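Visitor: Turn this into a structure:
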Amino acid sequence: METFESERAPLPRNMIENSMFEEEPDVVDLAKESPSYHIDSDDVTYEPRSSRLLVRGLGENDMDEDEEDYESSARLLGMSFMNRSSSQRSAASSYTRQQPSNSCSPLSTKTTAVGVLILVLVVSMFMVIYFVPSCTFTKKGCQKSNSSMSSIYPISTSGELFPWTDLRLPVSVHPVHYNISLHPDLNSMTFQGNVSIVVLVVHETKNIVLHSSDMNIIKVTFDDKEYRFLEYKPWQQIAIKFPEDLKKGQYVLKFSYKANLSNSYDGFYNSSYVDTAGTKRVLAATQFEPLAARKAFPCFDEPAFKSTFVVKMTREAKYISLSNMPKIKTTDLNENGLQEDEFESSVKMSTYLVAFIVAEFSSHSKNVSKTTVSVYAVPDKKDQVHYALETACKLLKFYNTFFEIEYPLSKLDLVAIPDFLAGAMENWGLITFRETTLLVGNQSSRFDKQLVTSVIAHELAHQWFGNLVTMRWWNDLWLNEGFATYMQYMSIENVFPDLDIDIEFLNVRFKALAKDALNSSHPVSTFVSTPEQVEEMFDSVSYEKGASILLMLNATLRDGEFHKGVIEYLQNYNLSNTESKDLWNSLSQVSKQSLNVSEMMNTWTVHKGFPLVTVKRNGPQVTLSQEHFLLNAENGTDDSSLWHIPLTYVNDSCSVLRSCKQVFHLKDKEATLQLPGQVKWLKFNFRSDGFYIVHYDEQGWSDLISALKVDVNVLPSEDKAALINNIFALSRLGKVSFRQVLNLMDYIRNETETAPLTEALSQLGQIYRLLDKRSDLNLASSMTTYIESHFGSLMESQSWEVETSVSKMTLRSALLETACALNRPNCTTQARRLFDQWLASNKTLQIPSDLMRTVFKVAAKTDEGWSKLLGSYKHSIYDTEKRKMLEALASTQDVRKIIWVLQKSLDGSEIQNQEFPLVIHTVCRDFAGYLYAWDFMKENWEKITQKFPIGSFAIQSIITSTTSQFSTKTHLAEVQNFFSSLGAKGSQMRIVQEAIETIKHNMRWMEKNLNTLQSWL
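Guide: Predicted structure coming up:
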């Protein structure tokens, strides 16, 4: 699944809301705390607390035949004794021994004590043997009443005990094939469904447990016999109980049910839009990843339960229906003009990849090899699909060749959904997109096409990584998303070199480093269990860090070994599920180097964060050391993590060409590198291909800065951008002074390349916004002067005409948006001129797409301009244009307009609800709106979490936007108090911990550097 942000970074997706954290008194809350693995009954831990037993878990596979009837496993001695009667205990305690009348001389005190101790031990053993039934010591154990099971098993909706105790499904039953028949009613926004599941019983069991959520199940049959079912809603599970063990073999399980079409963005949900004639149109679409297929049909909704699917869809004649596979036939049902479409049986796949749509769409198609590629959109926008169609065809050809495995389906549909939360979703054969990420107007520039190309490349890569080969569980989500992200950039660099995608890839790697530097981050492969934890895995660590470590590995291996290993991996695990170790093993099998790929890469997937490499030089001898780069280190644990780092470096004799690169493997805490001959300076992490930050000693930094001041082109643009990124990060860590940062920035006046200039602007912009939000007007003004002194001449030299180079457009957009935000007269005058010309031409004049957001933001500063933009926003059919208009509307300094935009985007009345995270993000960038946005979020939290459930990427984006620029104790306390007041569902979110860390870091950085800023700016 692809995500993107307002400023060319990730957008949100939705997730399942689940009441996982509700706790009942005196009952073990298995919904809150349950293992994701099956615990053998020998490993069950019973811990007495007060008068009750705390049971940590029991798995179905650990239970004997009789135990599956809820009888206790009482072979643990403690359970037997705690249920003994008081009379039995009294009898034991009254047992005494008579002393003979003719006793000998008294024993010594020591002898008496030893004797009594031996006697007590003997008596205790006798009592155990006598009073405890022999069955206690057998494997089967004793039968007990059901009362103790209420502490083990959840209570179903019927009041009966639910026969399963884990968020993960039992492995005793596997699905083989689904027949799904659906009839959505787009008038009542409901649907009826029938699903027939061929299941394979692989271990004898008395229960079948699967997923179901928010549906009214009318009837359940198993091998044509009707059965009752139990439901445990907190885990979205249902169970069918049988009086006898089901023997190994295949059976047929059927459900009839009704449900409402979802009004959020997951499951089988309803959507609507208004066409150019002003008519409201409705449609139904799906978004199942990660855990929402269960909202459309009862199923085994885990990635490892792959199966085949046949879908039948009943619809009105005016609609079309689409699914993963080609349509076989359409049948007239002669019931109010209804028709039924039937689709071919699918390939073997996970439930989250199933998809279907009922809508009024138009399409254009083209054949590639054995596959028909089609792009669908609403009829008003059918002329905007051509670029996507051509792009998809070119990328499909590339992937077919690169992976040496042909795309396995006969059709590939790309569908633009008018109301869609995620950037896109890789459903096999039916990829769904936001309109913004798929549709391109005929006059769109390469700047806009870069985003569309990136998203298509990402989703097509998923057809192999994720669909053909799927991670076993969500803890290894990076195998899907990290690979798709890496392939998106690699494929575009090969197929569309004119899009300059390398600059964008460098930028997202820097963003991933910033996120991963916090203590609240997580390993690439990490434990997840609850739906909230699963949803939180869709973040920069799984996507961008996953892609970054693959880039580093590819740069380390030689002779195309990475490519060969990828092919080996896909061929070995075709239509199967994998874990990280399977990828490393495949790469190890083809590598001819002495390098142990598994050993090296495990250090990058099991450790949180990334290393800081410190370089200290003494003549020809270089001492290299590593430590965990961790902001807010005093709150972290003592981390002794070591990474196997393939350190790359260049020196003054050869520093630009890839052939200059040298490699040193740093595995230990410290190592020594011997340099040959005379070397003036060293630059480590060549082209920033490695996922680590480098710190040099004072002389090392001085030598590099001097070299740049002498010759600005002495290093590749990626290396110069990395130096800027690293020194700002080291300043935040406290490793270098801010004076050193400003010393490096002196060279920037002579810089002309996009990557270092945009990175410098980004870093300085963050500091400016922090100062601005603190109302430190003098320092904010000084920072403005500093930025203008270093970038002013470049700002003034920018053209306002149409540009063709994506790199130049990227730089121009950053420079002029900054210039107009700082109210530079030439910038604001030119922007108003373009806006007025655009209006005068009845909006037919082309504003360069990279300047459009800047022009609209300047226009929105006046009441008249804002009103005209709002009218244009409501009537435009070009989504890239609409999005830039919305950002401009949300950037207003007028408080009344800010509140209006926030409210309308939340209720979805005049601004689509999917845009609320973007609106919040934009409002928070400016001083006028950031406190209103924070208060608005707090006051509307319940409504927000109904639209965007807890843990979803949308919620992550909203929390980050509203809190990341706070830097005072007052705001820290506000944030802590608000999320604490929400209970476990609020305070336990990883993004909340990240927000608190960020505020504390902002506070410390300001306290440490305010004096430097005052004296140097």
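Visitor: got the residue ranges for the strands in the stretch 201-350 of the chain?
Guide: Per DSSP state E, counting those that start in this stretch, the stretch 201-350 of the chain carries strands over the ranges 205-211, 216-222, 225-226, 230-232, 237-246, 249-260, 267-274, 280-287, 308-316, 320-323, 327-332, 338-343.
Visitor: so can I have CSV of these showing mean pLDDT?
Guide: CSV is the format used below for those (pLDDT from 0 to 100):
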stretch, mean pLDDT
strand 205-211, 97
strand 216-222, 97
strand 225-226, 96
strand 230-232, 97
strand 237-246, 96
strand 249-260, 98
strand 267-274, 94
strand 280-287, 97
strand 308-316, 98
strand 320-323, 98
strand 327-332, 97
strand 338-343, 97
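Visitor: and of these, who's closest to Glu994?
Guide: Nearest of those to Glu994, taken as C-beta to C-beta: strand 280-287 at 25.2 Å. To be clear about C-beta, it is placed using only N, CA and C from the backbone, and glycine gets the same treatment.
Visitor: So what's the gap between that closest one and the chain middle?
Guide: In terms of C-alpha atoms, centre = their mean, to the nearest Å, the centre of strand 280-287 is set 25 Å apart from its chain centre.
Visitor: what packs against that strand?
Guide: When contacts are defined as 3 or more C-beta pairs under 8 Å, 6 or more residues apart in numbering; DSSP states H and E, strand 280-287 sits against strand 267-274, strand 356-359, strand 411-417, strand 430-434.
Visitor: Just the residues contacting it, thanks.
Guide: Contacting residues not belonging to strand 280-287 are listed as 13-14, 184, 186, 191, 261, 265-275, 292, 296, 319, 354-360, 378, 415, 417-418, 420-422, 425, 427, 432 [C-beta atoms under 8 Å, 6 or more residues apart in numbering].
Visitor: rerun that using 6 Å as the cut-off
Guide: Identification of contacts with strand 280-287 by C-beta atoms under 6 Å, 6 or more residues apart in numbering yields 184, 186, 261, 265-266, 268, 270-275, 355-359, 417, 425.
Visitor: Only the buried residues of that strand, if you could.
Guide: By 16 or more other C-beta atoms under 10 Å, the buried positions in strand 280-287 come out as Arg281, Val282, Leu283, Ala284, Ala285, Thr286, Gln287.
Visitor: quick one: which two of those residues are the most distant?
Guide: Arg281 and Gln287 (19.0 Å).
Visitor: now stretch 917-934, how far from the centre of its chain.
Guide: Distance, stretch centre to chain centre, for stretch 917-934: 23 Å (C-alpha atoms, centre = their mean).
Visitor: Please save the CA atoms from it in CSV.
Guide: Extracted in CSV, the C-alpha atoms of stretch 917-934 (Å, rounded to 0.1, in the frame of the first residue of the first chain):
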residue,chain,number,x,y,z
PRO,A,917,-5.0,15.2,7.8
LEU,A,918,-3.7,17.4,5.0
VAL,A,919,-5.7,20.4,6.3
ILE,A,920,-4.4,19.9,9.8
HIS,A,921,-0.9,19.6,8.6
THR,A,922,-1.1,22.8,6.5
VAL,A,923,-2.9,24.9,9.2
CYS,A,924,-0.2,23.9,11.8
ARG,A,925,2.7,25.2,9.7
ASP,A,926,1.7,28.8,10.3
PHE,A,927,1.6,30.8,13.5
ALA,A,928,-2.0,31.9,13.1
GLY,A,929,-3.4,28.4,13.1
TYR,A,930,-1.3,25.9,15.0
LEU,A,931,-2.9,26.5,18.4
TYR,A,932,-6.4,26.4,16.9
ALA,A,933,-5.6,23.1,15.2
TRP,A,934,-4.4,21.7,18.5
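Visitor: Can you name the residues that contact Phe288?
Guide: Tyr352.
Visitor: where's it relative to Ile238, distance?
Guide: 18 Å (C-beta to C-beta, to the nearest Å).
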